[in-house]
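Peer 1: Next input, structure requested:
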Amino acid sequence: MQVLETQIVSNSEGVVTVEFLGEGGEKIAVTMAGSDPRPTYGDTALIDRAKEMMVQCAVFETVEHRSAQERNRDFSEPAKPDSPFTFEYRDHDGVRQLKGVEFPNLEAVHDEALRSAIDLLDDTAAEGGQQGWAVRVRDANGKIVLSIDFHEAKRKKAAAE
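Peer 2: Numbers count the residues shown, from 1 in each chain. You can find the predicted model right below:
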């Protein structure tokens, strides 16, 4: 899903929901409990935390979908991402790919994708192509495991300056 807009909704009980709105009415909502202290950190921190929670959901597998051999594994440890990764970069009207990239965990993948998206800001500014995703990352099975949009890259770049 390509995120077009992000909304933050709070209720009187301190529960905060971050909604990611996409094309065609798609919506992903992440609700954070009122006992979580992070909702007091501001909108940027809330959005970042919601994205972290979605990545964690994508990485952790359910026991029902594992083979008998995998069921014996210690599930207190997080599932390892399916390396190697393929990075996809928005390049004018096309997509440039870098295949076979290895990282130890999804946090390192996210950091590299964000750094790359910030680098793309200058490249795409002249063409006006700064809408939607800037960098996507696929796992070894071809599944998109991470997407950084231009809006997020601009926000992070501004915060770093």
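Peer 1: Give me the helix or strand of the chain that scores worst on average pLDDT.
Peer 2: Of all helical and strand segments in the chain, the minimum by mean pLDDT, DSSP states H and E falls on helix 43-59, at a mean of 75.
Peer 1: So which elements touch it?
Peer 2: For helix 43-59, the elements it packs on are strand 3-10, strand 16-22, strand 27-32, helix 106-125, strand 144-149, judged by 3 or more CB pairs under 8 Å, 6 or more residues apart in numbering; DSSP states H and E. Where C-beta positions appear, they are placed from N, C-alpha and C, glycine not excepted.
Peer 1: Which residues belonging to the next helix or strand after it are considered buried?
Peer 2: Note on helix 43-59: by DSSP states H and E, the next helix or strand toward the C-terminus is strand 85-91. Neighbour-count burial for strand 85-91, counted by 16 or more other CB atoms under 10 Å, picks out Phe85, Thr86, Phe87, Glu88, Tyr89, Arg90.
Peer 1: Does the fourth one touch Val101 like I think?
Peer 2: This means Glu88. No: taking contacts as CB atoms under 8 Å, Glu88 lies outside contact range of Val101: 11.0 Å.
Peer 1: What is the neighbour count of Val101?
Peer 2: Neighbour count for Val101, taken as other CB atoms under 10 Å: 13.
Peer 1: Using PDB, write out every CA atom in the least confident helix or strand of the chain.
Peer 2: The C-alpha trace of helix 43-59 is given here as PDB (Å, rounded to 0.1, in the frame of the first residue of the first chain):
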ATOM      1  CA  ASP A  43       3.200  13.200  16.300                       C
ATOM      2  CA  THR A  44       6.500  12.200  14.700                       C
ATOM      3  CA  ALA A  45       7.300   9.700  17.500                       C
ATOM      4  CA  LEU A  46       3.800   8.300  17.300                       C
ATOM      5  CA  ILE A  47       4.100   7.700  13.500                       C
ATOM      6  CA  ASP A  48       7.600   6.100  13.900                       C
ATOM      7  CA  ARG A  49       6.300   3.900  16.700                       C
ATOM      8  CA  ALA A  50       3.300   2.800  14.600                       C
ATOM      9  CA  LYS A  51       5.600   1.900  11.700                       C
ATOM     10  CA  GLU A  52       7.900  -0.100  14.100                       C
ATOM     11  CA  MET A  53       4.900  -2.000  15.400                       C
ATOM     12  CA  MET A  54       3.800  -2.900  11.800                       C
ATOM     13  CA  VAL A  55       7.300  -4.100  10.900                       C
ATOM     14  CA  GLN A  56       7.400  -6.300  14.000                       C
ATOM     15  CA  CYS A  57       4.000  -7.800  13.000                       C
ATOM     16  CA  ALA A  58       5.400  -8.600   9.600                       C
ATOM     17  CA  VAL A  59       8.500 -10.200  10.900                       C
END
